[in-house]
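*Asks:* give the three-dimensional model of this entry:
(chains A and B)
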Amino acid sequence: MYKKPSPMKQKSKPDLPDEIRALLPITPAVFYTLFALASGEQHGYAIMQSVKGLSNGSIRMGPGTLYATIQRLLKLDLIEEITPPKRAQESERRRRVYRLTGWGRRVFDEEVSRLGAVLRQVRLSNLIPRGGEAR
Amino acid sequence: MIPPAVSMSNQVFRRFVILYPADLRREFGDDLADIFSQQIETAWEENAWRGIAAAWLNVLGDCASITLPYVAARLAVPALAAVISSVWFSLALCAINPSRSHKW
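*Replies:* Next comes the predicted model:
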């Protein structure tokens, strides 16, 4: 008899390197940093502000957490530093700007799929808290 | 003009950066100070002294959350080595002079 696989048990695509796969599920700081960069390149302070906005203020990264996360993501090749455009102002050019790499996008997509699967399971189990959908 | 509370906070933070792990400081020291500077300016504009206090509390918590695990990880190996070597030394001492073993 055919048994439909549980969305919780869906495997990641096989070509994700082990060191990156080991990151999954990712921490909120890593997730929101990737989330912030998924919409385009940003410098450190902009990432910090985006994280605050995207998490409705629930994640407030300090400078140390932000740059420790950036350092880790750079080492893992999930994000990369880019040179700001020549037309940018001097203060803007001084700032380091980051963007997602292909691997970074993959990890973000994998995590979003995982969270989506978790949410589907919670819905199927009728365990959504009262008012939870509206939040 | 930059308010004194903001410029003083920036100066203090430039010294405070030394508390962050060395590799982070080396690679992102200026960026840490730059981000803090923007945070503290916004905090001053929005809530004056209360904003400054909140920004400092945030930074203290941030520094502790980054630095403490780093220090613990660095101390773990020497501490473990010290415990193992002292146990080994005690066992060796007992092997040489078994009569000492009951005096532990």
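
*Asks:* residue in chain A with the shortest distance to chain B?
*Replies:* A:Gly62 (2.4 Å; CB to the nearest CB). To be clear about C-beta, it is placed using only N, CA and C from the backbone, and glycine gets the same treatment.

*Asks:* quick one: neighbours of A:Val122, just the number.
*Replies:* Number of residues near A:Val122 (other CB atoms under 10 Å in any protein chain shown) recorded here: 13.

*Asks:* which ones are touching it?
*Replies:* By CB atoms under 8 Å, 6 or more residues apart in numbering or on different chains, the contact set of A:Val122 is A:Ile128.

*Asks:* model confidence score at it, please.
*Replies:* pLDDT for A:Val122: 91.

*Asks:* tell me the gap between the helix or strand harbouring it and the middle of its chain.
*Replies:* Using DSSP states H and E, A:Val122 sits in helix A:102-124. Distance of helix A:102-124 from the chain centroid (CA atoms, centre = their mean, to the nearest Å) equals 10 Å.

*Asks:* same deal with stretch B:32-44?
*Replies:* Offset of stretch B:32-44 from its chain centre (CA atoms, centre = their mean): 20 Å.

*Asks:* need the phi and psi values for the residue of chain A closest to chain B.
*Replies:* Main-chain torsions, A:Gly62, degrees, to the nearest 10: phi -90, psi 170.

*Asks:* thought B:Asn58 was touching it, still the case?
*Replies:* Yes - under the criterion of CB atoms under 8 Å, A:Gly62 makes contact with B:Asn58 at 5.5 Å.

*Asks:* who has more neighbours, these two?
*Replies:* Neighbours were counted for A:Gly62 and for B:Asn58 using other CB under 10 Å; A:Gly62 has more, 24 against 18.

*Asks:* report pLDDT for that one.
*Replies:* Reported pLDDT for A:Gly62: 92.

*Asks:* ok, now the one 3 residues further on?
*Replies:* What the model reports for A:Thr65 is a pLDDT of 94.

*Asks:* show me what contacts it?
*Replies:* A:29, B:62, B:65-66.

*Asks:* quick check: which element contains it?
*Replies:* Using DSSP H and E, A:Thr65 maps to helix A:63-75.

*Asks:* and if you look at A:Gln49?
*Replies:* Element membership of A:Gln49, judged by DSSP H and E, is helix A:44-54.

*Asks:* where's the most centrally placed residue in chain B, which helix or strand?
*Replies:* With distances taken as CA atoms, centre = their mean, the residue of chain B nearest its centroid is B:Thr67 (3.4 Å). When elements are assigned from DSSP H and E, B:Thr67 belongs to helix B:22-96.

*Asks:* tell me which parts of chain B are close to chain A?
*Replies:* Within chain B, the residues that sit near chain A (CB under 8 Å from any CB of the partner chain) are B:20-21, B:23-24, B:27-28, B:31-32, B:34-36, B:38-39, B:58-59, B:61-63, B:65-67.

*Asks:* filter the residues you listed down to the buried ones.
*Replies:* If you count burial by 16 or more other CB atoms under 10 Å in any protein chain shown, the buried members of the residues of chain B next to chain A come out as B:20-21, B:24, B:28, B:31-32, B:34-36, B:39, B:58-59, B:62-63, B:66-67.
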